[in-house]
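Enquirer: please find the sequence and the predicted model below.
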Amino acid sequence: MRLLYFAAFGLAFFLSFVGTFLVSRVAYRRKILDFPDSTRHFHKQPTPTLGGIAIYGSFLLVTITVGILGGYLLNGNIPLQVLVGILVGGGILMIGGYLDDRYHLPPWYSVLFPIMASLAIITSGVQAISVHNPLTTQIILLSPLLSGVVVFGWTMTMTYTTKILDGMDGLVSGISAIGALVLFGLSLSSQVQQPQTALLAITFAGSLLGFLILNFHPAKIFLGESGSTFAGFMLAVLAVVSGGKIATTLLVMGIPLLDMIWVIFQRLRRRQSPFSSDRKHLHYKLTQIGLSEPQAVLFLYALTGIFGASALFLQSRGKLIALIILIIVMLAIIAALYSAYRERGQTKNED
């Protein structure tokens, strides 16, 4: 089975890397490009988007050929209809992402595609059957209706976390790859033992890392709407099908999620749209105090990896404590950044 994981990862990596070149050429031909501006996009020249299509395409091909046709995903914890739901949901995001990147859809149109993708997951049979109380050993069973609400809310939250986070070269693709690798390791642990989920996770990680080669600074291609939403969508789905390991995914994506909440709160306080563009994100603040863009991204990789790795060794109560520590760390970083930013501004004024 180890050889299968290696093969799935390697094939997904290779197909994604090659597919990224092909998608980039298509984007140039159709002039689906991200142009520099003074608000959020600081790259030096127009850069192709649609990178998510390369990631999804490689994931789709490997899942079908290695997973389904090879029979490795047909006899396990993931029913065939759930696999179909995952692939259909991803396909919906690709369509929506292409339309958004090309025609710049308003937010109330573009949100329809994540909604449809989330509903595709729910109707395929993905359920959050129970919730563990981290303070006790109590298991709370969820009704089918409540399960659907939880899965829908969770999937939409993660989808928009990576969408809003996508503001620096390699940030979302790298952090999502770390998350996929953590879920891969968790799926193979003695407590979970789900080789089918592990196969999906390692395939997804390979697709992301194959794309990351051309997406890291200076990026030759961007994720686009399709890739930024598909990354969070897949992490959300993998967390649920691996036995409701939502707490683990929260540890991996905790910094981006808290950053999203903080930025949206600031925008609403200023009576701006939560989907507006600005430079209030944590990764932008890191560059404003002197870090280069790659250094800021690598710093966030390190935080993600530390808390993600801790989830592999912690039980429910330990994960709750780790989440509390994560929140404290996030608040400390924000306070330190604002303090450094003010001191930097005062120094410039004195000069």
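Expert: Received the coordinates, thanks.
Enquirer: let me see the mean pLDDT of stretch 66-85.
Expert: Averaging pLDDT along stretch 66-85 gives 83.
Enquirer: if you could redo that for stretch 4-23, that was the one I meant.
Expert: 97.
Enquirer: ramachandran coordinates for T47?
Expert: phi -120, psi 130 (degrees, to the nearest 10).
Enquirer: for I289, see how far away it is.
Expert: 26 Å (C-beta to C-beta, to the nearest Å). For every residue, glycine as well, the C-beta is placed using N, CA and C.
Enquirer: so for these two, which residue has more residues nearby?
Expert: Between T47 and I289, counted using other C-beta atoms under 10 Å, the more crowded position is T47 (23 against 15).
Enquirer: got a list of what that one touches?
Expert: 33-34, 219-222 (C-beta atoms under 8 Å, 6 or more residues apart in numbering).
Enquirer: which members of those residues are classed as buried?
Expert: For these, a neighbour count by 16 or more other C-beta atoms under 10 Å gives the buried set as 34, 219, 221-222.
Enquirer: next, format these as CSV and append distance to L146 and pLDDT.
Expert: Formatted as CSV, the buried ones among the contacts of T47 follow (distance: C-beta to C-beta, whole Å; pLDDT from 0 to 100):
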residue, distance to L146, pLDDT
D34, 40, 92
A219, 41, 95
I221, 41, 97
F222, 37, 97
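Enquirer: can you lay out the residues you listed as TSV showing secondary structure and distance to H104?
Expert: Shown next, in TSV, are those (DSSP: H, G, I helix; E, B strand; the rest coil; distance: C-beta to C-beta, whole Å):
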residue	secondary structure	distance to H104
D34	strand	11
A219	coil	20
I221	coil	18
F222	coil	14
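Enquirer: nearest to L303 among those?
Expert: Among the buried ones among the contacts of T47, A219 lies closest to L303 (C-beta to C-beta), at 21.2 Å.
Enquirer: any idea how far that closest one lies from T63?
Expert: In this view, A219 and T63 are 26 Å apart by C-beta to C-beta.
Enquirer: next: I32.
Expert: According to C-beta to C-beta, I32 and T63 sit 26 Å apart.
Enquirer: which one of the two is surrounded by more residues?
Expert: Neighbour totals were compared for I32 and T63, and T63 leads with 24 against 18 (other C-beta under 10 Å).
Enquirer: what sits against that one?
Expert: 73, 83, 87, 200, 203.
Enquirer: now the residues you listed as JSON lines including distance to Q193 and neighbour count?
Expert: Formatted as JSON lines, the contacts of T63 follow (distance: C-beta to C-beta, whole Å; neighbours: other C-beta atoms under 10 Å):
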{"residue": "L73", "distance to Q193": "15", "neighbour count": "24"}
{"residue": "L83", "distance to Q193": "19", "neighbour count": "20"}
{"residue": "L87", "distance to Q193": "24", "neighbour count": "18"}
{"residue": "L200", "distance to Q193": "15", "neighbour count": "28"}
{"residue": "T203", "distance to Q193": "18", "neighbour count": "29"}
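Enquirer: that'll do, ta.
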